[in-house]
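**Q** With the sequence up front, the predicted model follows.
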Amino acid sequence: MSSQDTPKTPGATAPGRPRRDTSRRREALNGLGLLSPALIVMLSMLALPVGALVVMSFWTQSGFTLDTSFTLDNYRRLFSTSERATEWMGMTFHLGYPVPAILMIKSLAMSLMATVAVVLLAYPMAYFLAFRVKRNKAAWIIILTIPFWTSYLLRVFSWKVVLGYNGAINSGLMSLGLIDAPLEFLLYNPAAVVITLSHAWVAFVVLPIYVSLEKIDRSMLEAASDLGDSKFKRFRRIVLPLSMPGTITAALMVFIPTVGDYVTPQLVGGTGGTMIGSLVQQLFTKQNNAPMGAAVSLVMMLIIAALVLTFLTLIGYWKMRARSAR
Amino acid sequence: MSEPLIHIEAVTKSFGSFTALHGIDIDIGRGEFFSLLGASGCGKTTLLRILAGIEEPTTGQLLIDGQDMRGVPPEKRPTNMVFQSYAIFPHLNVEENIGYGLRNLKLSRAETRERIGSAVELVKLGGMEKRNAHALSGGQRQRVALARALVMRPKVLLLDEPLSALDKKLREEMQLELRAMQRSLGITFVFVTHDQEEAMTLSDRIAMMSDGRILQLDTPKGLYERPANREVAEFIGTMNLIPAKAGAAKGNQVSLDAGALGKLEGRVATDVSTSGREVFLALRPERISVGADLGANARLKGKIAEAVYLGDRITYVVAVNGLAQPLRVVNANETGEILRIGAEVEIGWPDDSGLVLS
């Protein structure tokens, strides 16, 4: 197009356009205006802290002084190799600083177990709620959320009471005469952490799975039966695939935060139950090495993000979501 | 009709204190296109779902091909259904949707492919086999739902208002296709609709339902020409009703006293004695003729209140003294002339056109 063809004002050729442009701009401004409170909160509560973490991870701490000159030392230390081999659970690590890597793998495994346990517990509950409960659904949902009326900390503590040395299980078994001395393997180990995490998160997962089940058009189920499916087959071929996106979303809602959890491991995990979050917490507090803590938590975030994205890509999550959207 | 394919006897259905069906008796023959017609909430869909096995009747008996269907779940019945919402499985493509039920028939792979292929062809979805269900238009979804049911080769195909979600043109096209398909396949169709025109277009016989009862079970012609009562007459097409008191009957002709309108005569469809009862003389708009001078054929006098020119026909609303409801009249446009609003006219109809309804 030559310069002569270009109209001086856009309105010269398309009379409708300028007006539409301004109204669209106004709409965009309106949208931004409506979003701004949330944006400000997100920026100040999420983006800024993460930014601070990134900056801090390039600093170093020596004794009581914080060296704010830019360096990759923390990352170098995390990924440094060593001749000395560290053995853990049959795996060999040739790392100069193997603790974060080991704790990361352990945390991922424990979170994964907790997530699987949560989904296995929550799915039947959600199914019952969506398909069996005909009346008073709201009441059932409220009953499910009752554990959430107390704080997370109290719920974790309550497991201490159940699993502890003088706890409910031990005293129950002793009063029944089944054991002579309290069982010590119940508390302060990875299993206790997994149990506690599962219980703490189950209701968070019931609701999203319930929504994805509730969304399934009942006539689909009737159609499947009409086409010869037994109840079980129909579940496998219709209900399960259609509720999969919601279930996966719910599972990620458990997996992602529990990897970094440090409260539960500290309270019920003992020394054997520590996770990566506990290390970060210690680096920031007891070990007084906040820059290293920042580096560890950033690497943890990136690893989790990479794992989740790889997982979702492998199972074709976005396609699945698009297909079951309607 | 020889031995019926579907035998419905004294079927009732209650949901709690609400009775959806009161004692339904219907026999449906092999290869018949049978429609259940009625306004929403009349129980037609409930009856269809009882046939499919999705609902169980509260009392009564249902036989399909001589077999008692009590306790037989939907997956074991020789019926398949096209749902009103189509219920297309969104996570499967067209081919997988159509072949969904075939997996349960344990056919050879070749036969499965062949059946899907011919079903795809039947509903004209060739070339779309791999398309995702959510990328289909309403009409295409309807075709997939139809193919998915037909591919099972059911003895009875149940259709729950399958065309109501389509636009008018597509609906008319699909009506013709459905009718042709039913004729060539010879499968019994049970079709639920609230659209009387659709029912008339498609069906061999129609059961007109209201409030969980069958008002009349007849051919389209029978329903139109010999409606059993006022409700049927008003649901099927347009009907003018003139209130009158029935007098003596001579054969099936009854003399009527229409008060200010004088003596009239009407035909009774059934053998029920109407003598002395308050009845209606029912007249179809197209059977009534109006004109300035009808001579000996004139029965009533009136005044044109409204005239609408529709090209092939002209509709009039004619006010008649002593009649609360003006008469609606449809006359074929034979001369191109239209009576002017306000004109005094004479109204007449052939002897056998007036029907006595209670």
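**A** Cool, got the structure.
**Q** per-domain residue ranges of chain B.
**A** B:6-230, B:238-357 (automatic domain parsing).
**Q** and the end-to-end length of the longest one?
**A** In other words, domain B:6-230. The first and final residues of domain B:6-230 sit 29 Å from each other (C-alpha to C-alpha, to the nearest Å).
**Q** Could you identify the helix or strand that succeeds the longest helix belonging to chain B?
**A** Using DSSP state H to define each element, chain B has its longest helix at helix B:168-185. Using DSSP states H and E, the helix or strand that directly follows helix B:168-185 along the chain is strand B:188-193.
**Q** Please parse chain A into its domains.
**A** If you go by automatic domain parsing, chain A breaks into A:1-42, A:99-324.
**Q** residues touching A:Glu87, list them.
**A** A:Phe93 (C-beta atoms under 8 Å, 6 or more residues apart in numbering or on different chains). In short, each C-beta sits where N, CA and C put it, glycine included.
**Q** And the pLDDT for A:Trp140?
**A** Looking at A:Trp140, its pLDDT is 90.
**Q** thinking it is in contact with A:Leu129, fair?
**A** Yes - when contacts are counted by C-beta atoms under 8 Å, A:Trp140 is listed as touching A:Leu129 (5.7 Å).
**Q** Quick one: the domains of chain B as CSV, columns for mean pLDDT too.
**A** Shown next, in CSV, are the domains of chain B (pLDDT from 0 to 100):
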stretch, mean pLDDT
domain B:6-230, 93
domain B:238-357, 86
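**Q** Could you single out the most deeply buried of those domains?
**A** domain B:6-230 (a mean of 19; mean count of other C-beta atoms under 10 Å in any protein chain shown).
**Q** Just checking it against chain A, any contact.
**A** Yes - judged by C-beta under 8 Å from any C-beta of the partner chain, domain B:6-230 comes into contact with chain A at B:52-54, B:73-75, B:79-81, B:83-85, B:87, B:89-91, B:100-101, B:104-105, B:132-134, B:148-149, B:152.
**Q** Among those residues, which ones are in strands?
**A** B:79-81 (DSSP state E).
**Q** of all the residues you listed, which comes closest to chain A?
**A** Nearest to chain A among those, counting by C-beta to the nearest C-beta, is B:Met81 at 4.9 Å.
**Q** Just list whatever residues bridge to the closest residue to that closest one other than its chain neighbours.
**A** Leaving aside its sequence neighbours, B:Met81 sits nearest to B:Leu158 (C-beta to C-beta, 6 or more residues apart in numbering or on different chains; 4.2 Å). Counting by DSSP bridges, B:Leu158 forms beta bridges with B:Met81, B:Val190.
**Q** quick one: contacts for B:Leu158?
**A** Neighbouring residues of B:Leu158 by C-beta under 8 Å, 6+ apart: B:48, B:51-52, B:79-82, B:190, B:192.
**Q** go on, A:Ala168?
**A** A:161-162.
**Q** go on, B:Leu327?
**A** B:240, B:283, B:285, B:288, B:302, B:317-318, B:320, B:347.
**Q** Now intersect those with the strands, please.
**A** B:240, B:283, B:302, B:317-318, B:320, B:347.
**Q** Of the residues you listed, which pair is most distant in space?
**A** Pairwise distances across these peak at 13.9 Å for B:Leu283 and B:Val317 (criterion: C-beta to C-beta).
**Q** Those residues of the stretch 201-350 of chain B touching chain A, which are they?
**A** Counting by C-beta under 8 Å from any C-beta, the stretch 201-350 of chain B has no residue next to chain A.
**Q** now the helices: where do they sit in the stretch 201-350 of chain B?
**A** B:220-225, B:230-235 (DSSP state H, counting those that start in this stretch).
**Q** picking up where we left off before, could you check which of A:Trp140 and A:Leu129 is surrounded by more residues?
**A** Neighbour count, other C-beta atoms under 10 Å in any protein chain shown: between A:Trp140 and A:Leu129, A:Leu129 has more, with 20 against 16.
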